[in-house]
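Participant: Predicted model follows, preceded by the sequence.
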Amino acid sequence: MKILLTNDDGIHAPGLLAAARVLASVGELHIVAPSREQSGVGSALTLHDAIPVSAVDTDELLGDEAGTQYPITGFSVQGTPADSCVLALERLVGPVDLVVSGINRGSNLGGDILISGTVGAALQGFLRGFPTIAISVGSVQNPQFDGAARLLRLLAAQLSRNPPPRTTSPRTSFNEAFFLNVNLPNVPLSEINGVQITRLGGRSYGESVREEGSEEPKKYRISRNKPISGENPEGTDIWALKNNRISITPLRVDLTNGDQIPPLESLLADIPAQLLQRQD
Ligand code: MN
């Protein structure tokens, strides 16, 4: 099994190293990750600059614990998480059997996954038709990666034994492989209440803005620290984590809101005639 590992916390992040140590025992491992922390950059790609890439000594990166019979390579990318995944799959590594992004420090739940660099990197694996896992632990403070690493080993081994079928989606006309967004509560495995297959909930955190300094030009700092109170019913990823369950949400890309199509058709009914009216 050939595995690509990336993240958005940077190639030296403890969560990525925890993932690397377990994945190195499952198959050939290629680590291609940003050189520095890139959380919150979503699916951004660098299209207006060339992206510097350096090979990384994986023995030094992973230490002695990574004794493995499989080859390991590593590349540090001075770009975004999505850049790392694209460079890996298109050039540095080529096709793989599994793409893993994480283990992220902090949850990626509900609508907030749209700004997640962890999910943004993983998206590039999914778009190319490779089975893909984004995995996060639900705390930025003192995150515990052992449970997530253990789950990752089980998921990778299961996918290796039973490769999921790829289907071509009639909506997107590309091969849809598994794209799993996995989140774990930051508690010991002994306190976990189960593993739940979920749907995305609403947003979990909103932005607050404060002014910083007094010089011109004015500066403002955006923080994602405003809790959002809203319904997160049973079956959503946010509900699962609140109830100390591991959440696994299968994702796709289609964001179309089908419910809004009929009201929109009636709201805009007169627009085509007005817009296209010939005045000659
Ligand atoms: Mn992150």
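Facilitator: Cool, the structure landed. Numbering: from 1, shown residues only.
Participant: mind listing what the closest residue to the ion within the stretch 101-250 of the chain touches?
Facilitator: Across the stretch 101-250 of the chain, the shortest distance to the ion (C-beta to the ion) belongs to N104, at 4.5 Å. Any C-beta I mention is one placed from the backbone N, CA and C, and that applies to glycine too. Taking C-beta atoms under 8 Å, 6 or more residues apart in numbering, we find N104 in contact with N7, D8, D9, G15, S39, S116, T118, A134, I135, S136, V137.
Participant: Could you do T58 as well?
Facilitator: I31, A66, I72, T73, G74.
Participant: Among the contacts of N104, which ones lie close to the ion?
Facilitator: D8, D9, S39 (C-beta under 5 Å from the ion).
Participant: from those residues, which is closest to the ion?
Facilitator: S39 (3.3 Å).
Participant: The closest one and D9 touch, don't they?
Facilitator: Yes - here S39 reaches D9: they are 6.3 Å apart, a contact under C-beta atoms under 8 Å.
Participant: Please enumerate the shared neighbours of the two.
Facilitator: Joint contacts of S39 and D9 (C-beta under 8 Å, 6+ apart) are N104, R105.
Participant: which of these two has more neighbours?
Facilitator: Neighbours per residue (other C-beta atoms under 10 Å) separate S39 from D9, with D9 holding more: 25 against 22.
Participant: What is the burial count for F126?
Facilitator: Neighbours of F126 (other C-beta under 10 Å): 25.
Participant: let me fix that: P71
Facilitator: Number of residues near P71 (other C-beta under 10 Å) recorded here: 12.
Participant: residue contacts, it?
Facilitator: E28, L29.
Participant: Would you quantify the distance from it to L92?
Facilitator: Distance check for P71 against L92: by C-beta to C-beta, to the nearest Å, it reads 14 Å.
Participant: Other residues contacting the helix or strand of the chain with the lowest mean pLDDT?
Facilitator: Every helix and strand of the chain was ranked by mean pLDDT, DSSP states H and E. The lowest is strand 167-168, at a mean of 74. Strand 167-168 is contacted by residues F174, N175, E176 when judged by C-beta under 8 Å, 6+ apart.
Participant: Give the pairing partners of whichever helix or strand comes after it; include direction for each.
Facilitator: Using DSSP states H and E, the helix or strand that follows strand 167-168 in sequence is strand 175-176. Partners of strand 175-176 in the sheet, by DSSP bridges, are strand 167-168 (antiparallel).
Participant: how distant is the partner strand from the center of its chain?
Facilitator: Mean-position distance between strand 167-168 and its chain equals 21 Å (C-alpha atoms, centre = their mean, to the nearest Å).
Participant: in this protein, which spans are helices?
Facilitator: 14-23, 58-62, 81-87, 117-127, 146-161, 237-242, 261-267, 271-276 (DSSP state H).
Participant: what about the fourth one, average pLDDT?
Facilitator: Predicted confidence along helix 117-127 averages 97 (mean pLDDT).
Participant: again with the second one
Facilitator: For helix 58-62, mean pLDDT is 92.
Participant: how about it: buried residues?
Facilitator: T58, L61, L62 (16 or more other C-beta atoms under 10 Å).
Participant: overlap between those residues and the residues near the ion?
Facilitator: Within the buried residues of helix 58-62, nothing lies near the ion by C-beta under 5 Å from the ion.
Participant: and those residues as CSV, adding distance to S208?
Facilitator: Output for the buried residues of helix 58-62, formatted as CSV (distance: C-beta to C-beta, whole Å):
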residue, distance to S208
T58, 40
L61, 36
L62, 38
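Participant: What residues does the stretch 1-150 of the chain have near the ion?
Facilitator: D8, D9, S39, N104.
Participant: hmm, try it at 8 Å
Facilitator: Residues of the stretch 1-150 of the chain lying near the ion by C-beta under 8 Å from the ion: 7-9, 13, 37-40, 104-106, 116-118, 136.
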